[in-house]
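1. just the structure for this:
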Amino acid sequence: MPSLIEPIQVSILAMAVIFLVLGILIVVIKTLVHFLPYTAPPPPPARASAPAAASGSSQNEDHIAAIHAALAHHLGKSPQDIHISNITSL
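-> The predicted structure follows:
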């Protein structure tokens, strides 16, 4: 009957190697965080609240048409079956 000591030793050695590598990774990550701290990107510039009256309405209608077509395609219906009543900007 083979000895059970050798498999136990191999298991302990494998676990020791795994924990050693994990410990090294923790030290490397903490060192990188210390020397290269995270800086948040700047916030995006504020958009205009209302589009211009002359050129904005044409662009707004184009956006509504694109949303309408995409929604009809996604739902698998014809565009005549869908009525969009309200679109709000997030």
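
2. for Leu75, give me its contacts.
-> Ile82 (Cβ atoms under 8 Å, 6 or more residues apart in numbering). In this view, the C-beta of every residue, glycine as well, is placed from N, C-alpha and C.

3. go with 10 Å
-> 81-82 (Cβ atoms under 10 Å, 6 or more residues apart in numbering).

4. show the pLDDT at Ala46.
-> We have a pLDDT of 75 for Ala46.

5. residues near it, how many?
-> Neighbours of Ala46 under the rule other Cβ atoms under 10 Å: 6.

6. phi first, then psi, for it.
-> As for Ala46, its main-chain torsions (degrees, to the nearest 10) stand at phi -70, psi 140.

7. per-domain residue ranges of this structure.
-> Domain assignment for the chain, taken from automatic domain parsing, gives 1-35, 56-83.

8. adding mean pLDDT and distance to Pro43, write those domains out as TSV.
-> What follows is the domains of the chain, written out as TSV (pLDDT from 0 to 100; distance: least, Cβ to Cβ, whole Å):
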stretch	mean pLDDT	distance to Pro43
domain 1-35	94	23
domain 56-83	82	24
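
9. of the ones you listed, which is nearest Pro42?
-> domain 1-35 (21.1 Å; Cβ to Cβ).

10. pull the distance from the closest one to the chain's centre.
-> 32 Å (Cα atoms, centre = their mean, to the nearest Å).

11. kindly report the same for stretch 31-44.
-> 18 Å.

12. nearest to Pro45, of the domains of the chain?
-> By Cβ to Cβ (comparing all of the domains of the chain), the closest turns out to be domain 56-83, at 17.9 Å.

13. good, we can wrap up now.
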